[in-house]
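Novice: Below is the sequence, then the predicted model.
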Amino acid sequence: MNENCCCERKKVRSPEEYKKLMNRLNRIEGQIRGIKGMLEKSAYCPDILSQVAAANAALNAFSKELLASHIKSCVVNDIKAGKEETVDELLATIQKLMK
């Protein structure tokens, strides 16, 4: 089996991809801690909401990057292997992301 495809619901990522995704998540985690700190310090609501919007945008960017990687590797490999049910799974995933 190709190590870059989804096998048994797992994915082997390159060290570069892993590092890039982890760095994004670490920044998002920092943003969330910052929002919590703002709340603890009784910051003005619009200021907190502005930071929440930035954290949401960062999570959306993370999702887009992960989805693109999934499509380029797992989905393409599965379709080439004749696993057309992967398209239904992809559509369900996109529907969840768009809620």
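Specialist: Here it is on my side, so go on.
Novice: Quick one: residues in contact with stretch 92-99.
Specialist: Contact partners of stretch 92-99, identified using CB atoms under 8 Å, 6 or more residues apart in numbering, comprise 63, 67, 70. (Glycine included, C-beta is placed from N, CA and C.)
Novice: how close does the first one get to Lys10?
Specialist: In other words, Ser63. From Ser63 over to Lys10 the distance is 19 Å, taken as CB to CB, to the nearest Å.
Novice: Filter the contacts of stretch 92-99 down to just the buried residues.
Specialist: Among those, those classed as buried by 16 or more other CB atoms under 10 Å are His70.
Novice: Tell me the buried residues in the helix or strand where Leu90 lies?
Specialist: Element membership for Leu90 (DSSP states H and E) is helix 85-97. The neighbour-count check on helix 85-97 (16+ other CB under 10 Å) flags 86, 90 as buried.
Novice: from now on call the first residue 21
Specialist: From this message on, residue numbering opens at 21, which makes the last subject helix 105-117.
Novice: model confidence over stretch 52-72, on average?
Specialist: Across stretch 52-72, pLDDT averages out at 98.
Novice: Now it: buried residues?
Specialist: For stretch 52-72, the neighbour count (16+ other CB under 10 Å) marks 55, 58, 63, 68, 71 as buried.
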